[in-house]
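Undergrad: prediction below, plus the sequence it came from.
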Amino acid sequence: MHCHHDGVSSQRVPVVVLTGHLGSGKTTLLNFLLRRPGARVGVIVNDFGAVNVDAGLVSGQVDEPASIAGGCICCLPDAGGLDDALAKLTHPRLGLDVVIVEASGLAEPTTLARLVRFSAVERVRPGGVVEVVDAAEYFDTVDNGLGPAPLRFEAATLVVVNKLDRVDAADREKTLARITERVQARNADVAIVPAEHGRIDPDLIYDAAATEDPPDQLPFGEALRAESPVEPPHVHAESVTVAVDGAVEPAGIVDLLSDPPPTAYRIKGTVTVATRGRPQRYVLHVVGRSGDLVPAKASPGTRSELVAIGLDLDREQVRRRLERALTPTTDPTPEGLAALRRLRTP
Ligand SMILES: Nc1nc2c(ncn2[C@@H]2O[C@H](COP(=O)(O)OP(=O)(O)OP(=O)(O)O)[C@@H](O)[C@H]2O)c(=O)[nH]1
């Protein structure tokens, strides 16, 4: 089996870490994402025992990723092989939109997040850490509600408060508020989304290159959808887009990356940054509070465009911030150029 993809992209592939206590709903959420039409999703699971991805889709070895649901899946017998698996799944030949690493229920989110963040694989871009919480069991399992809130939220960029259907309707708001308070006590910046059966808006997590299943793929995505029709998520992501023509001031870009607007979960775009010589094109990504700026290869034009995606986007504030990040100039400030240099050489 192979996952050939025409029009190989030179971009890095976001790698999303999916964590959560035993039985919180990680696999359910993963299967929901795999139903997305047109998406090429690579999956790495790091605990054989816990794998119950629908329809026996696990190929069982890293060497030969199997195509599924417009994507690939491979198994990771131990953490030592993560970079091997990432190197394989981010290969341009596969043309994947995203790679999702599903941790076993016992895996330590911080450790896994670090393995991705400091991966030696150049084509890896950290795509966020999604922590799934069982709303019904939360205070009986991961948190007794006393003392410091669980450490596991520290690494998270998005907390999915799942299984809300299992909480009495009358208590839902209160339960969500209590869990939110605990999560924020540990990590004030994290995005929090309520969910049932792992149905979160995939737009929060990654972009699908196509809207229909690729013709060269086995029809797993279709099969999964036929088996259980996709119910839409209750909470939808919103987006704000700002674009300008011509080069922009580097200080604005650096400022956006170092202090992204709090209600934007993800920001992406291509920007043309003014320098003393020829303007330089970059691909920009922010997930949670972390930004990433890499030179754009073979990216014609001078247009800069940024898209911010989030749950409760403060649209006006986000728009102002994106506009400020895209301040046109032909004469960049020395401070801006120095800040950009520092950012590029951490
Ligand atoms: N009622 C209800 N059941 C859910 C929900 N999400 C998941 N489940 C069920 O909860 C059980 C555990 O879900 P999984 O997705 O396997 O959880 P997991 O986190 O992958 O589990 P481990 O890999 O064992 O840690 C399954 O029977 C799911 O069908 C939900 O929102 N509501």
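TA: Yep, it's here.

Undergrad: just the strands from the protein, written as ranges.
TA: Ranges of strands within the chain are 13-20, 41-45, 66-68, 71-75, 98-102, 124-134, 158-162, 191-194, 238-244, 266-273, 280-287, 290-295, 304-310, based on DSSP state E.

Undergrad: ok, of those, where does mean pLDDT dip lowest?
TA: If the strands of the chain are sorted by mean pLDDT, strand 66-68 sits at the bottom with a mean of 39.

Undergrad: look at the closest residue to Glu122 other than its chain neighbours and report its pLDDT.
TA: Nearest non-adjacent residue to Glu122, counting by C-beta to C-beta, 6 or more residues apart in numbering: Arg12, 7.6 Å away. Just so you know, the C-beta spots here come from the backbone N, C-alpha and C atoms, and that holds for glycine as well. At Arg12, the model reports a pLDDT of 90.

Undergrad: just Asp165 next, same as before
TA: With respect to pLDDT, Asp165 has a value of 96.

Undergrad: same deal with Ala39?
TA: 80.

Undergrad: surely it meets Asp203?
TA: No: with contacts counted by C-beta atoms under 8 Å, Ala39 stays clear of Asp203, the gap being 10.9 Å.

Undergrad: who's more crowded, these two?
TA: Under the criterion of other C-beta atoms under 10 Å, the comparison of Ala39 against Asp203 puts Ala39 first, with 25 against 18.

Undergrad: so for stretch 146-155, mean pLDDT?
TA: 93.

Undergrad: for the strands of the chain, give me a markdown table that also has mean neighbour count and distance to Pro334.
TA: Output for these, formatted as a markdown table (neighbours: other C-beta atoms under 10 Å; distance: least, C-beta to C-beta, whole Å):
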| stretch | mean neighbour count | distance to Pro334 |
| --- | --- | --- |
| strand 13-20 | 26 | 33 |
| strand 41-45 | 27 | 43 |
| strand 66-68 | 23 | 51 |
| strand 71-75 | 25 | 46 |
| strand 98-102 | 27 | 38 |
| strand 124-134 | 25 | 30 |
| strand 158-162 | 25 | 38 |
| strand 191-194 | 22 | 36 |
| strand 238-244 | 17 | 22 |
| strand 266-273 | 23 | 14 |
| strand 280-287 | 21 | 16 |
| strand 290-295 | 16 | 19 |
| strand 304-310 | 22 | 21 |
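
Undergrad: for Glu323, find the nearest of these.
TA: Nearest of those to Glu323, taken as C-beta to C-beta: strand 238-244 at 5.4 Å.

Undergrad: packing partners of the closest one?
TA: Helices and strands touching strand 238-244, by 3 or more C-beta pairs under 8 Å, 6 or more residues apart in numbering; DSSP states H and E, are strand 304-310, helix 315-325.

Undergrad: next, the contact list for the residue lying closest to Arg152 once chain neighbours are set aside, please.
TA: Among residues not flanking Arg152 along the chain, Pro109 sits closest, at 4.9 Å (C-beta to C-beta, 6+ apart). Contacts for Pro109 (C-beta atoms under 8 Å, 6 or more residues apart in numbering) come out as 17, 19, 103, 129, 131, 152, 155-156.

Undergrad: looking at the residues you listed, which is nearest Phe139?
TA: For those, the minimum distance to Phe139 (C-beta to C-beta) is 14.6 Å, reached by Arg152.

Undergrad: pretty sure the closest one sits against Ala103.
TA: No: using C-beta under 8 Å, Arg152 makes no contact with Ala103, being 10.4 Å away.

Undergrad: what's the overlap in contacts for those two?
TA: Between them, Arg152 and Ala103 share these contacting residues under C-beta under 8 Å, 6+ apart: 19, 109.

Undergrad: how far away is the closest residue to Pro328 other than its chain neighbours from the ligand?
TA: Once flanking residues are discounted, Pro328 sits nearest to Gly246: 5.1 Å by C-beta to C-beta, 6+ apart. According to C-beta to the nearest ligand atom, to the nearest Å, Gly246 stands 48 Å off from the ligand.

Undergrad: what number of residues lie near Gly246?
TA: Each residue near Gly246 was counted by other C-beta under 10 Å, and the total is 14.

Undergrad: going along the chain, name the helices of this structure.
TA: Per DSSP state H, the chain has helices spanning 26-34, 82-89, 109-117, 172-186, 220-227, 250-258, 315-325, 334-344. These are given in chain order.

Undergrad: quick one, what contacts Tyr265?
TA: Residues in contact with Tyr265 (C-beta under 8 Å, 6+ apart) are 128, 157-158, 191, 204, 237, 287-288, 309-311.

Undergrad: from what I can see the residue nearest to Glu122 touches Gly127, true?
TA: No: contact between Arg12 and Gly127 fails when scored by C-beta under 8 Å: they sit 9.6 Å apart.

Undergrad: ok, what's across the strand from Thr241?
TA: Taking DSSP bridges as the rule, Thr241 bridges to Val307.
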